[in-house]
Every structure is written in structure tokens, then in C-alpha cells.
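**Student:** Sequence plus predicted model, see below.
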Amino acid sequence: MTDTSATSARMQDSSRRRRLVEFWFYFSENRGAVIGLVVFLLLVVVAIAAPLLAPHAPNAQYRDAILVPPFWEDGGRAAFPLGTDAVGRDMLSRLLYGARFSLFIGVAVTALALTVGVLIGVVAGYFRGWIDTVIMRLMDIILAFPSLLLALVLVAVLGPGLGNAMIAIALVLQPHFVRLTRAAVMGEKGREYVIAARVAGASNLRLMFKTILPNCTAPLIVQATLSVSTAILDAAALGFLGMGAQPPTPEWGTMLAEAREFILRAWWVVTFPGLAILIAVLAINLMGDGLRDALDPKLKRS
Amino acid sequence: MFRFILGRLAVLIPTFIGVSIIAFAFIRVLPGDPVMLMSGERVMSQERYEQISHALGYDRPLFVQYFDYLGGILTGDFGNSIVTRRPVLDDFMALFPATLELSFCAMFIAVLIGVPAGVFAAIKRGSFFDQTIMSTALVGYSMPIFWWGLLLIIVFSGMLGWTPVSGRISLLYYFPPVTGFMLIDSLLSGQEGAFASAASHLILPSIVLATIPLAVIARQTRSAMLEVLGEDYVRTARAKGLSPFRVVGIHALRNALIPVITTIGLQIGVMLAGAILTETIFSWPGIGKWMVDSVFRRDYPVIQSGLLIIAGIIMLVNLLVDLLYGLINPRIRH
């Protein structure tokens, strides 16, 4: 008995490694996806090492250096490579610290939306009937609102702030996970291996989460990746509208909101935070495209 | 087809009721007393409080209030704004044409560029042209449009001085709104330069609002075209010796456009969300800016009914897209 389980474990292990190798083969064929992955990893490094990399503290104000342009422009100073903002804070340091916020927002919001969405979706797809109807109508209601508008009003209700903005964004992202999980579970539920497990006496909980769910992960991984970029964009948009992270937090969207009145006087206070958002979102979307191509068996054959 | 429509409506009506419950509930779960908020007064005596509470109907049970609200909506009464004191529906009707005009122009740009770009990328699959278009589309798709709008203002308004920064038309011109669409009204007014002024105000916001739908439409068109180009009937058409133009333009494109039409329809909801940011940046007096301003002014009747009206419009558009899809693709009806 122990022998066979050890063998099966070893077989599982090698099949997992083979799948990983195969996955990497298809993923690495996509040049954009690899670039996205590298940029994303760089951003993670920047976020973690921000205190080491940043030349100044993110909220330190230099009264003698207000709206200093980047170093290559006339009047730029080497001490402030990307210039300073309207109260004399170093742009580069704030941008580096900002990476922490955006990546954290993206990952935390997606984790929340994914967990809740998958739980609800599995229940809906597995039990069907009235419970499914109620859940899906509820999701339809959430999806009927433009997501940014709903998030905006939710934050207004809960009170402006980064935490509430994240909850609001997770709530508007979560119906997509519910729909996806439900569809995948419905597709898998009638398969032989599920029926076999049921006949062998597996409980509903075990069937839902141990037997069926692991076979529904591919579309969820892709959706989760794309959700990270959506969450970063929406959080920045809420910050820009004054409903997300509050000043003086060096969140990129909030930085843009503070910079708005200077757009015609100091291009750098507007350009760099937005560029940072674009690079982060683009890198994650490139990765998402690569993941989809590598995980989607239909596209693989063609 | 009739049963198809009935089936769609059967789903739509409960969803709309749910949407109205959520919109209604927002004002009740808000921190703060709705009576104080609705009356707009800061300090009041207990007597006055009860008087207002009674006048506004807040002393009644919640579900009575809800059905009263729902009844009002069905008869076209969406409540009054605290700030302007005017009916919410009147304010909406006054501002909606501005958003509609902006969205039309943006959708026009997005379809006019997005569909051909997607078709050519699919035909020249893997070429430099394809890669450039798809990379550009991905950048557009990832764009924080509020920043994109500011950049365009810096370049075209600040550095080049070609376009105005905000509003719908120069203050030099005034004429009463006829259709509510500035491009048409300015022509009707017959004032020299009015149309050019309206158009120059419209161009940057339209580009900004078009960016994400354009990218989505180009990507969707390309993948739909690629799928169709691999079909047997396209190969047959080629084998018959038809010109490449006929094969692509008549046989392939017509079928590839079916999913693209759905995408375009769904982008309308995206546009209404995008209007929130675009209108805020360009001070465009439409419903997106109206909603943002109302959130900041805590004008709860407007937030409540505005949410409901916008969600209602999106649901209606999605229904129309569904019906159109059923009409052009009979397979879906069953």
C-alpha cells in the first residue's frame, strides 16, 4: 500500500514537472510574454528594495527645490534625477515607493476577488438549481453597473481611502471569477473521473474542491493575471479622482491627481507617474497574453 | 425570435429590480443621517427634524419607501437633486447629449481604425505590420486613460496650442441647444467658426475615450478573422479562384464581424465608465462628470438615480446587442 502510494506520488511529481516544462516551452516562445515577465520581476525587486534604491525619503520635502526639472533639462540637479514635485519631494523616490503600493494593490485585490469568486462559483456550478439562479442574478446585477462607477460610489459610501478602494475594486472584479469558475465546474462535473470519485464515496466538499477545482485552474490563472492589471488601473483611477489612496501616499494615481494643476508648467510631475502605471499594467498584460496562449490547448495546436 | 426576446426580458426585469434595490440601498447604508443629508441643513431642532423626516417620507418602513421610489421611477420621477433642486431626470436629459456626442465620436474613431487594423493584421499574420499593430493595441489596452488625456493636453494644448483644454465650445459662441449635440447645433446656428470651435473641443476627448475600445476592437477583429480564414468555405472560395479581395471582404469579413459586433456593443458600457475619467479631465459637461461631481457634493438623490439610469441604459444596450446578434446569427436563438 505504501509502495503504490509512493509510486503514484512519484508519477504525479514527474507528470507535474513535465507539464511545467511544456508550459515553459510554450510561454517562452512568446517574446512579449517573456519581456513582460522580466519587467514584472524587476518591478517586484524595485518594490522590495525601494528603501535601498531611493535616494530620498518619499515624503521628505526640500524647500529649496520646488518643481526642479529632471537632470537633463536646464536647471535640473543630479540630486533629483527625475526632478521634484510642487512641494519639493523627489519624484524618483516617490515612484520607487509607489511600485510597492501598486503591486500590493494588484495582488491583494486579485487574491480577494479570486478567493470569494471561486468559492461562490464552485457552489453555483456544483449545486445548480435555485442557489445557482440566485447567485448568477446577483452577479448580473453587479455587472450591470460600469465597474469604475460602482467602485467610485462604493468608496464614497465606505469613505475615501486605499483600503476601501481595494474592497470596492475586488467586489466589482469578483463576478468574472464566479462566471468563469461556474462554467468550468459545470463542464467538469459530468466527466467520468468525477462520477468515479462520487461512487467511491467522496463528499460534496471533497468533490468540489479536491476533485473538480484543480482541473479548472487554467482559465482562472489567466483571468487572475488580467485582474491584477485591471486592479492597478482602477485603483490608480480612483486615486486620481481623489477617492483612493490619500495624499501624501506616493501612490501613482494619487501623485497624478496632485500634479494635475501643474501640467502646463512642469511636464515631469505628470508624465512619470502615468508612465509607471502604463509600464506595470503593460508588463502584466503581456504576461497574461502569454499565459493564455500557453495554457489554452485549443490555440496550441494551431 | 419572439420567444428569444421574451426569454431575454425574463432575465432583464429581475436584474433591473435588483439594480434599483442596490441603488436605493446605497443611500440607507451611507454613514450619516439621510434626513440631514437630503435636507441639506446642518443643525436642526427635534421638531424640525421630524417635520422634514415626515415630509420626505423617512418615517415610513423601508420597504414602503422602496416601493414609493420604484413607483416614482415607473412614472418618470427620479427625485430631486439637493444641489440644483431640479428633478434628477431633467439634469440627466440636459447633460446626456454631451456624453452621447462624445461617445459617438469615440466609437466612430474606434471602429473606423480598429476594424481595418484587425483585418489587415490577420491577413498579414506574423508580419512586421501585424506585430506593430498588435503591440500598439496592447499598449492602448493597458493605457491609464486619465494620464493619456493629460499627456495629449500637454502636447497639443500646451506645446502646440492646437486644441483647447476644456469645455465643449469657445465662450465666444452662444446659441440655444436644439439637438443638444454641439456639432449639429453649431452648424444650425450659422455662426462663423462655431463648428470649428466645437470640433476642436471634441477631438482630444474623443481620442482619449476611443483608445481602449479601439484596442479591444482591433484585437477582437484580428482573432475573429484568423478563425474564419481557417474555415473550409474560405479555402473553397480561394480554390474557386476568387480574388483575395473578394475572399476576405465578402466571404470572411461578414462572418468575422458577428463576434465583433457583440464586442462593439459591450464597449458601450466601457465607454460610459471611461466617460467618468475623460469628462473629468476635459471638464466635459456630461453625465460622467455629473456623477463624479455629485459624489463629491454628496448629492445622494443624484448618485442613487444616476446609477440606476446608467445601469438601465447599459442593460438596454446589451439587450439590443443580444437581439441584433440573434438576428444576424440564427443559431443562437435556439
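**Tutor:** Done, it's in. Numbering: from 1, shown residues only, chains lettered A, B, ... in the order given.

**Student:** pLDDT score assigned to the closest residue to chain A within the stretch 101-250 of chain B?
**Tutor:** Ranked by Cβ to the nearest Cβ, the top residue of the stretch 101-250 of chain B for proximity to chain A is B:Trp147, at 2.9 Å. C-beta: built from backbone N, CA, C; applies to glycine. You'll see B:Trp147 listed with a pLDDT of 93.

**Student:** Identify the residue spatially nearest to it, adjacent ones excluded.
**Tutor:** A:Gly274 (2.9 Å; Cβ to Cβ, 6 or more residues apart in numbering or on different chains).

**Student:** what number of residues lie near the one you found?
**Tutor:** 25 (other Cβ atoms under 10 Å in any protein chain shown).

**Student:** ok, it to B:Ala121 distance?
**Tutor:** Going from A:Gly274 to B:Ala121 by Cβ to Cβ, to the nearest Å gives 27 Å.

**Student:** Around chain B, which positions in the stretch 1-150 of chain A sit nearby?
**Tutor:** The stretch 1-150 of chain A comes close to chain B at residues A:Gly32, A:Arg137, A:Leu138, A:Asp140, A:Ile141, A:Ala144, A:Phe145, A:Pro146, A:Ser147, A:Leu148, A:Leu149, A:Leu150, as judged by Cβ under 8 Å from any Cβ of the partner chain.

**Student:** Only the buried members of those: can you turn that into a PyMOL selection?
**Tutor:** Restricted to buried positions by 16 or more other Cβ atoms under 10 Å in any protein chain shown, the PyMOL selection for those reads:
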select buried, chain A and resi 32+138+140+141+144+145+146+147+148+149+150
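
**Student:** Just give me the closest of the residues of the stretch 1-150 of chain A next to chain B to B:Leu152.
**Tutor:** A:Leu148 (20.0 Å; Cβ to Cβ).

**Student:** for that closest one, what are its contacts?
**Tutor:** Counting by Cβ atoms under 8 Å, 6 or more residues apart in numbering or on different chains, A:Leu148 touches A:Asp234, A:Ala237, A:Leu238, B:Ala273, B:Ile276, B:Leu277.

**Student:** secondary structure element for the residue nearest to B:Trp147?
**Tutor:** In the assignment (DSSP states H and E), A:Gly274 maps to helix A:267-295.

**Student:** Please work out how many residues are found near B:Pro61.
**Tutor:** Counted with other Cβ under 10 Å, the neighbours of B:Pro61 add up to 8.

**Student:** Oh, that last question was meant for B:Arg219, not what I typed.
**Tutor:** Residues within reach of B:Arg219, counting by other Cβ under 10 Å, total 22.

**Student:** Just list the residues touching it, thanks.
**Tutor:** By Cβ under 8 Å, 6+ apart, the contact list for B:Arg219 reads B:Gly118, B:Met134, B:Ala137, B:Leu138, B:Tyr141.

**Student:** which of the contacts of A:Leu148 sit farthest apart?
**Tutor:** Greatest spacing in the contacts of A:Leu148, by Cβ to Cβ: A:Leu238 and B:Ala273 (12.2 Å).

**Student:** Comparing those two, which residue is more hemmed in?
**Tutor:** Set side by side, A:Leu238 and B:Ala273 show more neighbours around A:Leu238, with 30 against 23, by other Cβ under 10 Å.

**Student:** mind listing what that one touches?
**Tutor:** A:Leu148, A:Ala151, A:Leu152, A:Val155, A:Ala165, A:Ala168, A:Ile169, A:Gly244, A:Gly253.

**Student:** Work out for me the element the fifth one sits within.
**Tutor:** According to DSSP H and E, A:Ala165 maps onto helix A:162-189.

**Student:** Could you check that helix and say which residues are buried?
**Tutor:** With burial defined by 16+ other Cβ under 10 Å, the residues of helix A:162-189 counted as buried are A:162, A:164-182, A:184-186, A:188-189.

**Student:** cool, and stretch B:7-21?
**Tutor:** By neighbour count on 16+ other Cβ under 10 Å, the buried set for stretch B:7-21 is B:Leu12, B:Thr15, B:Phe16, B:Gly18, B:Val19, B:Ser20.

**Student:** Repeat that for stretch A:251-270.
**Tutor:** Within stretch A:251-270, the residues scored as buried using 16+ other Cβ under 10 Å are A:251-259, A:263, A:266-270.

**Student:** what residue lies at the spatial centre of the chain?
**Tutor:** You didn't say which chain, so I picked chain A. By Cα atoms, centre = their mean, chain A has its centre lying nearest to A:Val228, at 1.2 Å.

**Student:** Let me rephrase: I mean chain B.
**Tutor:** Most central in chain B under Cα atoms, centre = their mean is B:Leu272, positioned 2.5 Å from the mean C-alpha point.

**Student:** Now do the contacts for the closest residue to chain A within the stretch 151-300 of chain B.
**Tutor:** Nearest to chain A in the stretch 151-300 of chain B, going by Cβ to the nearest Cβ, is B:Ala273, at a distance of 3.5 Å. Counting by Cβ under 8 Å, 6+ apart, B:Ala273 touches A:Pro146, A:Ser147, A:Leu148, A:Leu149.

**Student:** Now with 6 Å, please.
**Tutor:** For B:Ala273, the contact set (Cβ atoms under 6 Å, 6 or more residues apart in numbering or on different chains) comprises A:Pro146, A:Leu148, A:Leu149.

**Student:** Hmm, which of the residues you listed is lowest in pLDDT?
**Tutor:** A:Pro146 (87).

**Student:** right, is the helix holding A:Ala165 up against chain B?
**Tutor:** No - Helix A:162-189 does not reach chain B (Cβ under 6 Å from any Cβ of the partner chain); its nearest approach is 10.1 Å.

**Student:** need the contact list for the closest residue to chain B within chain A.
**Tutor:** Here chain A gets closest to chain B at one residue, A:Gly274, 2.9 Å apart by Cβ to the nearest Cβ. By Cβ under 6 Å, 6+ apart, the contact set of A:Gly274 is A:Leu256, B:Pro144, B:Trp147.

**Student:** Got the confidence number for the first one?
**Tutor:** Looking back up the chat, that one is A:Leu256. 91.

**Student:** I'd assumed A:Leu275 was in contact with it.
**Tutor:** No - with contacts counted by Cβ atoms under 6 Å, A:Leu256 stays clear of A:Leu275, the gap being 10.6 Å.
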